[in-house]
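Trainee: sequence unknown, structure follows:
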């Protein structure tokens with residue numbers, strides 16, 4: 001039966017170290033003996049050389065361990081950098097795929113719009129003699145749709161003429177734009193003046209389209225009528 005000299009805890013038979021505090025008297029004695037032997041080796045020339053060699057070996061091992069730790073840390077940093085690069089590459093590919101899908105959708109919609117516009121132009125193209133077979137008065141009402149409130153004429157007298165009704169709808173958009181321009185002119189003269197000039201330009205463009213048998217939307221505002 002033995003007790004720890006350090007904390008007084010009971011040490012079972014067959015055990016040399018204390019289970020409570022970890023104190024090991026035998027290990028302490030062994031370490032003290034090894035230390036004494038090393039001190040004795042230092043006192044002689046051969047022992048001193050052996051001590052220096054042992055010290056150099058320990059220093060070499062310490063440096064080798066430091067180099068290994070640095071290499072391990074460097075490999076860890078490289079792996080993390082590679083992982084971040086892969087994540088950025090995947091994010092870039094995802095965004096590129098999304099952008100391509102969006103561009104493809106826009107291209108398809110633009111193709112459909114142009115195809116529809118082409119079909120209308122094909123029906124009312126000025127280069128064909130049979131492009132416009134409706135009475136000339138319907139064409140005149142289509143031209144007048146861009147002047148004041150005369151856009152109501154095609155709705156009243158030639159509702160079945162798709163060409164005249166198309167320009168009448170464009171004339172409605174122009175009239176609404178004109179009302180907004182007049183209101184802004186009364187509030188903000190510079191802004192209203194710019195809108196008034198735009199109104200004149202859009203009106204001239206619409207009259208030219210109607211006169212030349214073209215079914216083209218008005219600049220800026222015409223695309224909202226087709227929706």
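Mentor: Noted; the coordinates are in hand. Just so it is clear, the model here is predicted, and its values are computed rather than measured.
Trainee: so where do the helices sit in the protein?
Mentor: Counting by DSSP state H, one finds helices in the chain at the ranges 25-42, 45-124, 136-144, 152-157, 162-187, 189-211.
Trainee: between those helices, which one is nearest to residue 224?
Mentor: Within these, the stretch nearest residue 224 is helix 162-187; the backing value is 6.6 Å (CB to CB). Glycine gets a C-beta too; all of them are placed from N, C-alpha and C.
Trainee: Show me how far the closest one is from its chain's centre.
Mentor: On the basis of CA atoms, centre = their mean, to the nearest Å, helix 162-187 is displaced by 39 Å from the centre of the chain it belongs to.
Trainee: My guess is residue 149 contacts residue 175. True?
Mentor: Yes. Contact criterion CB atoms under 8 Å: residue 149 and residue 175 qualify, at 6.6 Å.
Trainee: My guess is residue 192 contacts residue 184. True?
Mentor: Yes. A contact is recorded between residue 192 and residue 184 when judged using CB under 8 Å, the distance being 4.2 Å.
Trainee: quick revisit: could the helices of the chain be laid out in a markdown table, adding mean neighbour count and distance to residue 217?
Mentor: Below are these laid out as a markdown table (neighbours: other CB atoms under 10 Å; distance: least, CB to CB, whole Å):
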| stretch | mean neighbour count | distance to residue 217 |
| --- | --- | --- |
| helix 25-42 | 11 | 95 |
| helix 45-124 | 11 | 8 |
| helix 136-144 | 19 | 14 |
| helix 152-157 | 16 | 16 |
| helix 162-187 | 19 | 7 |
| helix 189-211 | 16 | 9 |
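Trainee: Take these and write them to a markdown table, including mean pLDDT.
Mentor: A markdown table is the format used below for those (pLDDT from 0 to 100):
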| stretch | mean pLDDT |
| --- | --- |
| helix 25-42 | 72 |
| helix 45-124 | 82 |
| helix 136-144 | 81 |
| helix 152-157 | 86 |
| helix 162-187 | 85 |
| helix 189-211 | 84 |
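Trainee: what would those look like in JSON lines with distance to residue 222?
Mentor: Compiled in JSON lines, the helices of the chain are given as follows (distance: least, CB to CB, whole Å):
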{"stretch": "helix 25-42", "distance to residue 222": "96"}
{"stretch": "helix 45-124", "distance to residue 222": "11"}
{"stretch": "helix 136-144", "distance to residue 222": "14"}
{"stretch": "helix 152-157", "distance to residue 222": "16"}
{"stretch": "helix 162-187", "distance to residue 222": "6"}
{"stretch": "helix 189-211", "distance to residue 222": "8"}
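Trainee: Residue 7 is nearest to which of these?
Mentor: For these, proximity to residue 7 was assessed by CB to CB; helix 25-42 is nearest, at 12.0 Å.
Trainee: Centre-most residue in this protein?
Mentor: Nearest to the centroid of the C-alpha atoms of the chain, with distances taken as CA atoms, centre = their mean, sits residue 95, at 5.7 Å.
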